[in-house]
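**Q** prediction below, plus the sequence it came from.
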Amino acid sequence: MRWIEIITLRSAGDAEKEMIAELLKQVEGAGEQGHPREVRIYRHASVETDLSIHISWEADGAAEPHSTLGDLLVSATRDFGMVSHSIWIEKEDILNGS
């Protein structure tokens, strides 16, 4: 099963971007579920202070409700603005035409 963990930050300034990128490097493998398939940071197209961190996971079992890595990132970014944290599960049956 594949799922994606999305952490979105709306901040008042953009000095935090470098801190978040550095934080990701330090904690990328911190999850007890193992290493994520991929971690990416996106910037909103028109609001430069909005960031979205996408952590892709894959496992044989069910998706986790959250990860240690996600929890660390939420905790680290909470002081910089409003944070949203959600888990999205891939709909395999739709993608496979079933």
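**A** Cool, the structure landed.
**Q** can you give me the strands for the protein?
**A** 2-11, 38-43, 50-58, 81-89 (DSSP state E).
**Q** how about CSV for the ones you listed, with mean pLDDT, distance to residue 72 and mean neighbour count added?
**A** C-beta: built from backbone N, CA, C; applies to glycine. Converted to CSV, the strands of the chain look like this (pLDDT from 0 to 100; distance: least, Cβ to Cβ, whole Å; neighbours: other Cβ atoms under 10 Å):
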stretch, mean pLDDT, distance to residue 72, mean neighbour count
strand 2-11, 91, 10, 19
strand 38-43, 86, 12, 13
strand 50-58, 89, 11, 19
strand 81-89, 92, 11, 14
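**Q** now tabulate those strands in a markdown table and tack on distance to residue 73.
**A** Shown next, in a markdown table, are the strands of the chain (distance: least, Cβ to Cβ, whole Å):
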| stretch | distance to residue 73 |
| --- | --- |
| strand 2-11 | 5 |
| strand 38-43 | 9 |
| strand 50-58 | 6 |
| strand 81-89 | 8 |
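**Q** which of these sits closest to residue 71?
**A** The closest approach between residue 71 and any of the strands of the chain, judged by Cβ to Cβ, belongs to strand 81-89 at 8.3 Å.
**Q** what helices or strands is the closest one leaning on?
**A** Under the contact definition 3 or more Cβ pairs under 8 Å, 6 or more residues apart in numbering; DSSP states H and E, strand 81-89 sits against strand 2-11, helix 68-77.
**Q** what strands flank the first one, and is each parallel or antiparallel?
**A** In this case it means strand 2-11. Partner strands and pairing direction for strand 2-11 (DSSP bridges) are strand 50-58 (antiparallel), strand 81-89 (antiparallel).
**Q** so which of these is nearest residue 39?
**A** strand 50-58 (5.3 Å).
**Q** before we move on, the earlier item: want to try JSON lines for the strands paired with strand 2-11, with distance to residue 6 as columns?
**A** Formatted as JSON lines, the strands paired with strand 2-11 follow (distance: least, Cβ to Cβ, whole Å):
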{"stretch": "strand 50-58", "distance to residue 6": "6"}
{"stretch": "strand 81-89", "distance to residue 6": "5"}
